[in-house]
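1. I would like to see how this sequence folds:
(one chain, ligands or ions: 1)
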Amino acid sequence: MHNDVTATGHAARIATVDALLPAPLPFEVGGDSALLSAEVGDTTAAGLTTCTGLGPDSPRSMWRALVEHRLEVQLAGPDPAAGLDALLTRWDEHLGSLARVGDTECAAVLSRPSRDTAGATELLRHGFAPVGVLAVRPAQRMAAGPDATPGVCIRHATPDDLSTAVALQLELQRYDAQFGRITLRPGVEELITKELLHHLERPEPQVWIAELYGQPLGMVVLQMPDETGWIRHRVAASRVGYLSSLAVSETARSSGVGTALAAHAHQVFDEAGADVVLLHHAVANPRSTPFWYAQGYRPLWTGWQRRPAVRSR
Ligand SMILES: CC(C)(COP(=O)(O)OP(=O)(O)OC[C@H]1O[C@@H](n2cnc3c(N)ncnc32)[C@H](O)[C@@H]1OP(=O)(O)O)[C@@H](O)C(=O)NCCC(=O)NCCS
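-> Below you'll find the model as predicted:
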């Protein structure tokens, strides 16, 4: 049963798991959302399920399936893994009547605190895969990348850099789309161009270009603490920076350009007084995952996904 006992027990458990996790917010039931619950002995589980849909022309559609069923989870009692297992079975029943079978534009997703590992086996058994991570880097964390390439110059991007910036971002999206989160659809180039132009037309765009002998090789895009209201609630910190993307052109990779851009980004965030920096990366990306952990990040939330949400009836 979902009641205050589940919410309180869940909050108490989470508080011991990771000091950088925020206190869980109470569920807000409304609109199309539904409350699910399960009990296994003294263990209770509660879930809030919601569904959001986007058109392919929405900038946010690049990062996800067009229809997303999401479950927020609270687990309390002695056996949280069994609680999650029972809750996932309830969710499967719920999705069975809602989601189109075999539709890869319809995904079931849930975020779990990365260090709350209870229930990982059950998620895999229900057909979910750990696809993305929201990683966190507390300010002043040591980094251990290679030495930066001598001669790399990092400068603000200007509207004249639009075509370079679009090419770098497209290269990144194409590479990252292999790993399950990012979805390339017709029109992606127009969406990226519009987004980057919006950034570049600002007086001091938080888009930085790395160049060597005048040749642009890489780019990092940042969101300063006053722009991160959409994600700030995911971490126990007051000033939160967000690193939107970092791309190095294929020919220049593994030579310290990414490290130089990341070091620059962290300096910009330090100057803005950020307590932590967050970023998303794809778990299976063999370049970004080791890169970010060498730069002082670590997992905070793990995004699990089943896509299609329903494979067969
Ligand atoms: C991820 C990415 C930005 C990294 O940029 P990069 O310029 O290649 O990174 P760097 O050269 O600064 O750092 C990577 C190197 O540091 C090395 N390294 C890591 N820790 C190190 C340490 N302690 N000491 C020395 N070297 C170290 C790595 O081994 C790697 O070299 P290798 O590939 O030869 O093994 C780039 O590979 C890229 O654009 N990838 C495709 C797009 C992408 O995935 N972007 C990230 C999306 S979140």
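2. OK, contacts around the closest residue to residue 250 other than its chain neighbours?
-> Spatially, and ignoring its direct neighbours in sequence, residue 250 is nearest to residue 171 (6.7 Å; C-beta to C-beta, 6 or more residues apart in numbering). Just so you know, the C-beta spots here come from the backbone N, C-alpha and C atoms, and that holds for glycine as well. Contact analysis of residue 171 by C-beta atoms under 8 Å, 6 or more residues apart in numbering lists 247, 249-250.
3. ok, these vs residue 292, which is closest?
-> residue 247 (13.5 Å; C-beta to C-beta).
4. burial count for the closest one?
-> A count of nearby residues for residue 247, using other C-beta atoms under 10 Å, gives 24.
5. so this structure: which segments form each domain?
-> 4-131, 142-296 (automatic domain parsing).
6. about what we covered before: assign the residue nearest to residue 250 to helix, strand or coil.
-> Counting by DSSP: H, G, I helix; E, B strand; the rest coil, the backbone at residue 171 sits in helix.
7. among the domains of the chain, which is nearest the ligand?
-> The ligand sits nearest to domain 142-296 of all the domains of the chain, at 2.1 Å, using C-beta to the nearest ligand atom.
8. between the two ends of the closest one, how far is it?
-> 6 Å (C-alpha to C-alpha, to the nearest Å).
9. give me the mean pLDDT for that domain.
-> Here domain 142-296 scores 94 as its mean pLDDT.
10. again with stretch 302-313
-> 93.
11. all numbers from here: first residue = 8
-> Sure, I'll start numbering at 8, so the last one becomes stretch 309-320.
12. chain center to it: distance?
-> 17 Å (C-alpha atoms, centre = their mean, to the nearest Å).
13. and after the helix or strand hosting residue 199, which helix or strand comes next?
-> Here residue 199 is covered by helix 195-207, with elements defined by DSSP states H and E. Following the chain from helix 195-207 toward its C-terminal end, the next helix or strand by DSSP H and E is strand 214-219.
14. adjacent strands (with direction) for that following strand?
-> strand 160-163 (antiparallel), strand 222-230 (antiparallel) (DSSP bridges).
15. so can I have a markdown table of the ones you listed showing distance to the ligand and mean neighbour count?
-> Below are the strands paired with strand 214-219 laid out as a markdown table (distance: least, C-beta to the nearest ligand atom, whole Å; neighbours: other C-beta atoms under 10 Å):
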| stretch | distance to the ligand | mean neighbour count |
| --- | --- | --- |
| strand 160-163 | 12 | 14 |
| strand 222-230 | 6 | 22 |
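16. contacting residues for residue 18?
-> 30-31.
17. rewinding a little: quick one: residues in contact with the helix holding residue 199.
-> 64, 66, 68-69, 164-166, 168-169, 172-173, 176-177, 180, 212-214, 228.
18. and for stretch 82-99?
-> 12-17, 19-20, 43-54, 56, 78, 80, 115, 123, 125-126, 128-130, 132-133.
19. give me the PyMOL select line for these, limited to the buried ones.
-> For the buried members of those, the matching PyMOL selection, counting by 16 or more other C-beta atoms under 10 Å, is:
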select buried, resi 13+14+16+17+20+43+44+45+47+50+51+52+53+54+56+78+80+115+123+125+126+129+130+133
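20. please narrow the contacts of stretch 82-99 to those residing in helices.
-> Residues of those located in helices (DSSP state H): 12-17, 19-20, 128-130, 132.
21. circling back: among the strands paired with strand 214-219, which is nearest residue 111?
-> strand 222-230 (27.6 Å).
22. and the helix or strand just after that closest one, how far out from the chain middle?
-> Remark: after strand 222-230, the chain's next helix or strand is strand 247-255, criterion DSSP H and E. Computed by C-alpha atoms, centre = their mean, the chain-centroid distance of strand 247-255 equals 11 Å.
23. buried stuff in the helix or strand just after strand 247-255?
-> Going down the chain from strand 247-255, the next helix or strand is helix 264-278, by DSSP H and E. Residues of helix 264-278 classed as buried by neighbour count (16+ other C-beta under 10 Å): 264-269, 271-273, 275-276.
24. of those residues, which are in range of the ligand?
-> 264-266 (C-beta under 6 Å from any ligand atom).
25. hey, C-alpha coordinates of the longest helix belonging to the chain in PDB?
-> As assigned by DSSP H, the longest helix anywhere in the chain is helix 87-103. Provided in PDB are the C-alpha atoms of helix 87-103 (Å, rounded to 0.1, in the frame of the first residue of the first chain):
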ATOM      1  CA  PRO A  87      13.500  -3.600  -1.500                       C
ATOM      2  CA  ALA A  88      14.500  -5.800  -4.400                       C
ATOM      3  CA  ALA A  89      11.400  -8.000  -4.000                       C
ATOM      4  CA  GLY A  90       9.300  -4.800  -3.600                       C
ATOM      5  CA  LEU A  91      10.700  -3.400  -6.900                       C
ATOM      6  CA  ASP A  92      10.100  -6.800  -8.600                       C
ATOM      7  CA  ALA A  93       6.400  -6.800  -7.500                       C
ATOM      8  CA  LEU A  94       6.000  -3.100  -8.500                       C
ATOM      9  CA  LEU A  95       7.500  -3.800 -12.000                       C
ATOM     10  CA  THR A  96       4.900  -6.600 -12.400                       C
ATOM     11  CA  ARG A  97       2.100  -4.100 -11.600                       C
ATOM     12  CA  TRP A  98       3.600  -1.600 -14.000                       C
ATOM     13  CA  ASP A  99       3.800  -4.200 -16.800                       C
ATOM     14  CA  GLU A 100       0.100  -4.900 -16.300                       C
ATOM     15  CA  HIS A 101      -0.600  -1.100 -16.500                       C
ATOM     16  CA  LEU A 102       1.500  -0.700 -19.600                       C
ATOM     17  CA  GLY A 103      -0.100  -3.700 -21.300                       C
END
